[in-house]
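>>> any chance you could fold what I've pasted below:
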Amino acid sequence: MELYLLRHGKAEPRGPGKRDSERRLTPDGKRGVRRTVSLLRKAKIEPERIFTSSLRRAQETTAIAAEVFADCSTVITKSLEPSADPAAIWTELLSQPNPARVMLVGHEPHLSQLVSFLLGVPAQVNFRKGAIISIEASKDHPQGTLQWMITPRLARIR
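Reported below is the predicted structural model:
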């Protein structure tokens, strides 16, 4: 199973009177996400399904990815929210029929914890906003192999 973990793009700052779940992507955050997912499309890497957190910035990130990958369906799940157990999304993925290429859109520190879970080792990950990490995982167990990571800054270099 090919997993593409995508951290939401740069979002509005936290502030008084603004709920964390309602923070939106900034224009720069939208551009960064579009750069990274467009690079995947150029490389002919296309997820079949996108699982996403329900928080607004993740939803906006997912909308950009779904626009780039037009034939991709989306699923909103609590398993990708910041406080979720990393094993929860793995269980959810295994309940899907033939999950071959899946994008997971979420938040830090959850995504770094998920990387550690999927690799089966403690890992320190500098998971930048708008970055994508690719992990190849067996359906038998979550011990996968890190394939690559792309940040919006790297996607800008051509």
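
>>> any idea which helix or strand comes after the helix ranked longest in the chain?
Taking DSSP state H as the criterion, the chain has its longest helix at helix 27-42. On the C-terminal side of helix 27-42, the closest following helix or strand by DSSP states H and E is strand 49-52.

>>> that next one: partners in the sheet, and parallel or antiparallel?
strand 73-76 (parallel), strand 101-106 (parallel) (DSSP bridges).

>>> contact partners for the closest residue to residue 68 other than its chain neighbours?
With sequence-adjacent residues excluded and distances taken as C-beta to C-beta, 6 or more residues apart in numbering, residue 68 is closest to residue 37, at 4.6 Å. Yep, even glycine has a C-beta here, placed from its N, CA and C like the rest. Residue 37 is in contact with 6, 64, 65, 68, 69, 132, counting by C-beta atoms under 8 Å, 6 or more residues apart in numbering.

>>> how about the residues you listed in a markdown table, adding distance to residue 107 and secondary structure?
Putting the contacts of residue 37 into a markdown table (distance: C-beta to C-beta, whole Å; DSSP: H, G, I helix; E, B strand; the rest coil) gives the following:
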| residue | distance to residue 107 | secondary structure |
| --- | --- | --- |
| 6 | 11 | strand |
| 64 | 16 | helix |
| 65 | 15 | helix |
| 68 | 20 | helix |
| 69 | 21 | coil |
| 132 | 14 | strand |
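
>>> most neighbours, which of those residues?
residue 6 (28 neighbours; other C-beta atoms under 10 Å).

>>> can you pull the pLDDT of it?
What the model reports as pLDDT for residue 6 is 98.

>>> then the one 3 residues further on?
Note on residue 9: pLDDT of 96.

>>> go ahead and confirm it touches residue 130.
Yes: taking C-beta atoms under 8 Å as the definition, residue 9 is a contact partner of residue 130 at 4.3 Å.

>>> ok, now which ones touch the nearest residue to residue 31 once chain neighbours are set aside?
Of all residues not flanking residue 31 in the chain, residue 152 sits nearest, at 7.7 Å (C-beta to C-beta, 6+ apart). Residue 152 is in contact with 9, 31, 32, 33, 35, 36, 128, 129, 130, 131, counting by C-beta under 8 Å, 6+ apart.
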